[in-house]
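A.B. asks: Provided below for reference: sequence and predicted model.
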Amino acid sequence: MLKAKIYNQKGTDAGSIELPANIFGVKWNADLVHQVVEGIRSNKRAGTADTKGRGEVRGGGRKPWKQKGTGRARHGSSRSPIWVGGGVTHGPLAEKNYKKKISKNMMKAALFSVLSKKFKDGEVIFVDSLSTPNIKTKSAVEVMKNLSKGTGIKDFSISKKPRAVIALTAKDEKTNKSFRNLPQVEMSLMQNINPHQILNLKYLIIENPENALKFLASK
């Protein structure tokens, strides 16, 4: 079992929690993580890019000029790929399928590998609660400033780009609306986090770690 510190909204110590080694102490598997992340990215592709070949472009049925006697190169159609406004050679087609299968075991193993790497690098922050009584971005700003002081991570308070994923264990409209306006964080539910999302940002803030661990253990 591994131990981790829990912070409160004031950025001070709120206790500790024991983390299971089979979730936060897994060996880094770069090949598996890369395969899963590429699969997630491929599955997000809309696949709507489409081009027309020379036989699909409108017009060009008439020969531009006679074959001989003009001094110019011979051409049979103004919709040839070498002409402006002509068809596209080997362009993308909407009929292409980019979907890749990712098994549940692969996704789970990759997620635990990424969580372990993040925890080892000190990039996983546990907070007892982020719930706010009212929908106020000001309250969320104050919480992030406190966490910045408590953890020593300046990005939580001064960054203008997304630097952390906040994983909530349950839907909370007030908390979500309070934090989602902050440029330095992205909101997500614990059940929706995946290796690609976690690796895309440097830090992971887990709210209500006890319930979060129960969910991860259930996987």
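C.D. replies: Happy to help now that I have it.

A.B. asks: could you check how far Ala146 is from Pro209?
C.D. replies: Quick fix: residue 146 reads Asn, not Ala. 17 Å (CB to CB, to the nearest Å). In short, each C-beta sits where N, CA and C put it, glycine included.

A.B. asks: which one's more surrounded, those two?
C.D. replies: Legend: neighbour count by other CB atoms under 10 Å for Asn146 and Pro209, higher for Pro209 (23 against 19).

A.B. asks: can you tell me which residues contact the more buried one?
C.D. replies: Shown in contact with Pro209 (CB atoms under 8 Å, 6 or more residues apart in numbering): Ala4, Ile6, Ile17, Phe126, Val127, Asp128.

A.B. asks: what does Ala94 give?
C.D. replies: Counting by CB under 8 Å, 6+ apart, Ala94 touches Gly47, Thr48, Ala49, Asp50.

A.B. asks: got it, and Phe119?
C.D. replies: Phe119 neighbours (CB under 8 Å, 6+ apart): Leu2, Ala4, Leu19, Phe24, Gly25.

A.B. asks: and of these, the nearest to Thr151?
C.D. replies: Lowest distance from Thr151 to the contacts of Phe119 (CB to CB) belongs to Ala4, with 11.9 Å.

A.B. asks: packing partners of the host helix or strand of the closest one?
C.D. replies: Using DSSP states H and E, the element containing Ala4 is strand 2-7. Applying 3 or more CB pairs under 8 Å, 6 or more residues apart in numbering; DSSP states H and E, one finds that strand 2-7 makes contact with strand 13-19, helix 21-24, strand 124-127, helix 137-151.

A.B. asks: swap the cut-off to 6 Å and go again
C.D. replies: Using 3 or more CB pairs under 6 Å, 6 or more residues apart in numbering; DSSP states H and E, the elements in contact with strand 2-7 are strand 13-19, strand 124-127.

A.B. asks: which one is the spatially most central residue of the chain nearest to, not counting chain neighbours?
C.D. replies: Central residue of the chain (CA atoms, centre = their mean): Gln197, 3.2 Å from the mean position. In this structure, Gln197 finds its nearest non-sequential neighbour in Val165, 6.1 Å apart by CB to CB, 6 or more residues apart in numbering.

A.B. asks: alright, calling it a day.
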